[in-house]
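Engineer: what shape does this take:
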Amino acid sequence: MHIDFDISPQDTLPIYRQIVEQLRRGIAGGQCRPGDELPSVRALAQLHAINPMTVSKAYSLLEAEGLLERRRGVGMVVASTQPLRAGKGERLALLQPALQAAASQAVQLGLDEQAALRLFQQCLQEEMNK
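Structural biologist: Numbering: from 1, shown residues only. Okay, the predicted model is just below:
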């Protein structure tokens, strides 16, 4: 498994929360499977020029939730005893905060509903074609 973290220091969401939310979505959506290895704390911190304690905090929170586990000699992996895979409703709930923020920005920019929906569909299509 290779997860491309999208870390944005300018985002109002703290960096550790960005990591947590991206991993939650990856696990809930099935892109991260039980046993998949995560980048080491040091490697992820160096790649994104962030403090290793930030990455460690994110991993520890997910470990406490039972989504990740530590394996000696390997590091952090997606937990093999996953809670039941998230249903469609739970996955939609993970998406809702991002869509709420996007809707808020569309209103602030004075965009009409159809223009905003077309842009969302275009972005979604681009992601699905990657």
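Engineer: tally of neighbours for residue 15?
Structural biologist: Counted by other Cβ atoms under 10 Å, the residues lying close to residue 15 total 20. C-beta: built from backbone N, CA, C; applies to glycine.
Engineer: setting aside sequence neighbours, what's the nearest residue to it?
Structural biologist: Ranked by Cβ to Cβ, 6 or more residues apart in numbering and with sequence neighbours excluded, the top spatial neighbour of residue 15 is residue 54, at 5.1 Å.
Engineer: and residue 61, what's its pLDDT?
Structural biologist: At residue 61, the model reports a pLDDT of 93.
Engineer: same check, this time on residue 87
Structural biologist: Among the per-residue scores, residue 87 shows a pLDDT of 69.
Engineer: now residue 38
Structural biologist: pLDDT, residue 38: 95.
Engineer: state the distance from it to residue 119.
Structural biologist: Computed as Cβ to Cβ, to the nearest Å, the residue 38 to residue 119 distance reads 32 Å.
Engineer: of these two, who's got more company?
Structural biologist: Higher neighbour count among residue 38 and residue 119: residue 38, with 23 against 13, using other Cβ under 10 Å.
Engineer: and that one, what does it touch?
Structural biologist: Residues near residue 38 by Cβ atoms under 8 Å, 6 or more residues apart in numbering: 3, 23, 44, 59, 68, 75-78.
Engineer: nearest to residue 105, of these?
Structural biologist: Checking those against residue 105 by Cβ to Cβ gives residue 23 as the nearest, at 24.6 Å.
Engineer: and the residue lying closest to that closest one once chain neighbours are set aside, what element?
Structural biologist: Computed as Cβ to Cβ, 6+ apart, the closest residue to residue 23 that is not its neighbour in sequence is residue 62, at 5.8 Å. Element membership of residue 62 [criterion: DSSP states H and E] is helix 52-64.
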